[in-house]
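[1] sequence and computational prediction follow.
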Amino acid sequence: MSKQKTLQDSCCLPEEGRPGVLLPSGPEADEQLAAFAKAIAHPVRVQILRMLARKDARQCCQIVDELPLAQSTVSEHLRILRAAGLVQSRGGPRVGYCIVPEALRRFKGLLDAV
């Protein structure tokens, strides 16, 4: 019993020891966290996010050149990331994609609140 208490004490800060950060909670936060998690639930989408994080923006054809996937498959992954708000696109004949830093911060905050 004392081992369990020691492990819990070393893992979790007591309420009074936690920083005074307002953590998001409630049904809306839960739905948004689930949507973010679903959007990155595929290794290729994680890879695309990392690629976009390393570079300012990439066109779909540039992403296709870096991945061993068909253009239609990459487009579908980008569509899912855009629908979750993690990636945005800039129009024109060649659409550019970039990461949405605020969405990644929100995702991290939601994860931290779990």
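    Nice, I can see it. Residues are numbered from 1 along each chain as shown.
[2] now the strands for this structure?
    58-59, 87-90, 96-99 (DSSP state E).
[3] residues in contact with the nearest residue to L52 once chain neighbours are set aside?
    Spatial nearest neighbour of L52, chain neighbours left out: I99 (4.5 Å); criterion: CB to CB, 6 or more residues apart in numbering. Heads up, the C-betas are built off the backbone N, CA and C, glycines and all. I99 makes contacts with 49, 52-53, 86-87, as judged by CB atoms under 8 Å, 6 or more residues apart in numbering.
[4] of all those, which comes closest to E66?
    Within these, proximity to E66 (CB to CB) peaks at L52, which comes in at 10.8 Å.
[5] shaky segments in this protein?
    1-24 (pLDDT under 70).
[6] redo that, cut-off 90
    1-30, 54-58, 60, 90-95, 111-114 (pLDDT under 90).
[7] ranges for the helices of it?
    Listed in chain order, the helices of the chain (DSSP state H) span 2-11, 27-39, 43-54, 60-66, 71-83, 101-112.
[8] nearest to G92, out of the ones you listed?
    Among the helices of the chain, the nearest to G92 by CB to CB is helix 60-66 (11.7 Å).
[9] for that closest one, packing partners?
    If you count contacts as 3 or more CB pairs under 8 Å, 6 or more residues apart in numbering; DSSP states H and E, helix 60-66 packs onto helix 43-54, helix 71-83.
[10] ok, now with 10 Å
    Where contact means 3 or more CB pairs under 10 Å, 6 or more residues apart in numbering; DSSP states H and E, helix 60-66 is packed against helix 43-54, strand 58-59, helix 71-83, strand 96-99.
[11] got JSON lines for these, with distance to A29 too?
    What follows is the helices and strands packed on helix 60-66, written out as JSON lines (distance: least, CB to CB, whole Å):
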{"stretch": "helix 43-54", "distance to A29": "21"}
{"stretch": "strand 58-59", "distance to A29": "30"}
{"stretch": "helix 71-83", "distance to A29": "18"}
{"stretch": "strand 96-99", "distance to A29": "21"}
